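Asker: Sequence and predicted structure, then a few things I'm wondering about:
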Amino acid sequence: MREGPGGRRGVSGGDALCALAATAMVVATGCAPMRVPIAPIEPVRRVERYGAALERREARGRAVDAQVLLWAESPVGTRLPGAEGRLLLAAPDAFRLRVASLFGTALDLGARGESLSAYVPSRRRGMMLDAIRDSLGIARPGGLAFRALTATWRPPDEAWRSAAWDDSLMRVWWLENGDTLALAVGSTGLPVWTSLARPNGAGIRVDYRAWDFGSGVAWPATFVIEDRSGAFRLSCKVSRVRFPARADSLRLVVPIPAGVVPMTLAQLRRALERLGTL
């Protein structure tokens, strides 16, 4: 500010520029959403919330018995009628899913560790594969399925240290047996989605859409499993969840009668794609 003729105070060029900049800042701030930086303590709290909820799921979910509703889409967008099923889980790497039909069981599918078994009674087709011997393409399918169905993903410490932010989601990623795993965690400390990508580009993504808190622990109630190519999607709604004191190992076995016709992985996939019509 300077004195003008006759003692009047004028505005210098520098003052005018400052006023113009201040006005522009006010206008821009009023019209655009303000980006609030994430407080340094928030990442620590997010990791702590995730760890606490994970420990509760791991403790309660060592044995699980639940009813499920399943909807398959192949290709994505062509949703078939829903199918009911019974899901059994046993930590750390076993599951069995029996899908019902009007005439009994439409599909009986299970895995433990490196092995995968399946039986389609209406076709009298069955399979028993070993991930190492038969080149399933996925190491330890039982453990992968268990973690996906229970949302018990445990990233290593270094993954948390290099976490990134995607809007309100905290994203971490890590390598496991050559595969790339990624996990997004919401503000409540619960997983929002996770993905697994293989070196050849194949993989899956699991979106956790809803959670059940009725048992005293946050448990996945609705989730969607989709392959990375978008050719197949399976939506699951879980209900009547029970947590037995221990798993019954005999109930986790998929019985395959003698004399069944051997089934390939491609045929198993087609059976999964046709859930609700078997």
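Answerer: Here it is on my side, so go on. Residues are numbered from 1 along each chain as shown.

Asker: alpha carbons only for contacts and neighbour counts from here, please
Answerer: OK.

Asker: So, low pLDDT: which residues of the protein?
Answerer: Residues of the chain meeting the criterion pLDDT under 70: 1-41, 80, 131-139, 276-278.

Asker: what ranges do the helices span in it?
Answerer: Ranges of helices within the chain are 13-31, 41-60, 141-150, 157-161, 265-273, based on DSSP state H.

Asker: Need the CA coordinates for the last one. PDB is fine.
Answerer: I take that to be helix 265-273. Extracted C-alpha coordinates of helix 265-273, given in PDB (Å, rounded to 0.1, in the frame of the first residue of the first chain):
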ATOM      1  CA  LEU A 265     -10.800 -79.200 -14.100                       C
ATOM      2  CA  ALA A 266     -12.600 -77.800 -17.100                       C
ATOM      3  CA  GLN A 267     -15.600 -80.000 -16.400                       C
ATOM      4  CA  LEU A 268     -15.500 -78.900 -12.700                       C
ATOM      5  CA  ARG A 269     -15.500 -75.300 -13.800                       C
ATOM      6  CA  ARG A 270     -18.500 -75.900 -16.100                       C
ATOM      7  CA  ALA A 271     -20.300 -77.600 -13.100                       C
ATOM      8  CA  LEU A 272     -19.600 -74.500 -11.000                       C
ATOM      9  CA  GLU A 273     -20.900 -72.200 -13.800                       C
END
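
Asker: can you pull the buried residues of it?
Answerer: Of all the residues in helix 265-273, those buried under the rule 16 or more other C-alpha atoms under 10 Å are L268, A271, L272, E273.

Asker: Quick check: the gap between the second one and A148.
Answerer: It stands for A271. Noted for A271: a distance of 20 Å to A148, by C-alpha to C-alpha, to the nearest Å.

Asker: Also Q267?
Answerer: In terms of C-alpha to C-alpha, Q267 sits 23 Å off from A148.

Asker: re the thing from before, export the buried residues of helix 265-273 to JSON lines and tack on distance to A202?
Answerer: Compiled in JSON lines, the buried residues of helix 265-273 are given as follows (distance: C-alpha to C-alpha, whole Å):
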{"residue": "L268", "distance to A202": "17"}
{"residue": "A271", "distance to A202": "20"}
{"residue": "L272", "distance to A202": "18"}
{"residue": "E273", "distance to A202": "17"}
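
Asker: Could you pull up phi and psi at M263?
Answerer: Dihedral pair for M263: phi -110, psi 140, per degrees, to the nearest 10.

Asker: what sits against it?
Answerer: By C-alpha atoms under 8 Å, 6 or more residues apart in numbering, the contact set of M263 is R125, G126, M127.

Asker: Present these as CSV; the columns should include distance to K237 and neighbour count.
Answerer: Formatted as CSV, the contacts of M263 follow (distance: C-alpha to C-alpha, whole Å; neighbours: other C-alpha atoms under 10 Å):
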residue, distance to K237, neighbour count
R125, 27, 20
G126, 26, 26
M127, 27, 19
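
Asker: Out of those, flag the one nearest to A258.
Answerer: Lowest distance from A258 to the contacts of M263 (C-alpha to C-alpha) belongs to G126, with 9.5 Å.

Asker: Quick check: beta-bridge partners of that closest one?
Answerer: Beta bridges link G126 to Y119, P262, judged by DSSP bridges.

Asker: Adjust the sequence numbering to begin at 68 for everything that follows.
Answerer: That works, and once the first residue is 68, the last one we named lands at G193.

Asker: Tell me which two of the buried residues of helix 332-340 sit farthest apart.
Answerer: Greatest spatial distance in these: L335 and E340, 8.6 Å, computed using C-alpha to C-alpha.

Asker: quick check, nearest of the buried residues of helix 332-340 to L136?
Answerer: Set against L136, the nearest of those by C-alpha to C-alpha is L339 (13.4 Å).
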